[in-house]
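Chemist: Starting from these lines, generate the structure:
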Amino acid sequence: MLDKLLDLDTELFVFLNGLGSSSWDGLWLAITNKLTFVPLYALLLFLIYRKLGWKALLLIMVSITLMILFTDQTTNLVKRSVLRFRPCACDEIKDTIRFIADRCSTNRSFFSGHASNSMAAAVFGGLVLRPYFKNLIFILLFWAFLVAYSRIYVGVHFPIDILCGMTFGALAGFGFYRLNTYALKRFTST
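Modeler: Predicted coordinates:
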């Protein structure tokens, strides 16, 4: 059963990765770059400051830092435990796929840190700002989906890696949002 699922995952990866073309490669490389969205993060922090003030912003920044550390380190722990190769390091397909990433960083694939971190940030930020910007969460979820898909496009993650990373990130984002809500009530109420 697991072998069949992994075979289907590989077939879906080869199909989705094969949809790419050199005219779009630059865009997807920019989307997958961790630094591309620093202006988005700065804008979200500015909106939080404008709506909630300095004290809340500082608590939220602590929550965000802990959330990203949690998602990132959990991802690394799982990658060391689950011995699944990245598509770019998988001997059966590596010579037939479109690999356009800068490098095939580690050989471990499961699950995607980009997917988990971006989804956690999207859920967390969208929920924090939802009282002020009701549709922002949908924009942020779309952004997280693009970041996650970029990992398939550049050839470094299978779809299951992405799906599991996004699911884990969504749960982490919601959990840290709840923790942050408690901390805000406890430490910012006057």
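Chemist: CA atoms for contacts and neighbours, from now on please.
Modeler: Noted.
Chemist: contacts for stretch 157-165?
Modeler: 9-10, 12-13, 75, 86-87, 109-116, 148-149, 151-152 (CA atoms under 8 Å, 6 or more residues apart in numbering).
Chemist: can you check stretch 139-150 too?
Modeler: Residues from elsewhere that reach stretch 139-150 (CA under 8 Å, 6+ apart): 28-29, 31-32, 112, 114-115, 118-119, 122-123, 125-126, 162, 166.
Chemist: if we go to 6 Å?
Modeler: Contacts of stretch 139-150 with the rest of the structure, by CA atoms under 6 Å, 6 or more residues apart in numbering, involve 28, 31-32, 115, 118-119, 122, 162.
Chemist: which helix of this protein spans the most residues?
Modeler: helix 159-188 (DSSP state H).
Chemist: The residue nearest to residue 49 when sequence neighbours are not counted: helix or strand, and which one exactly?
Modeler: Spatially, and ignoring its direct neighbours in sequence, residue 49 is nearest to residue 57 (5.5 Å; CA to CA, 6 or more residues apart in numbering). Here residue 57, judged by DSSP states H and E, is contained in helix 54-81.
Chemist: ok, now which ones touch the residue nearest the centre of the chain?
Modeler: Nearest to the geometric centre of the chain sits residue 115, at 2.5 Å (CA atoms, centre = their mean). Applying CA under 6 Å, 6+ apart to residue 115 gives the contacts 148, 162, 165-166.
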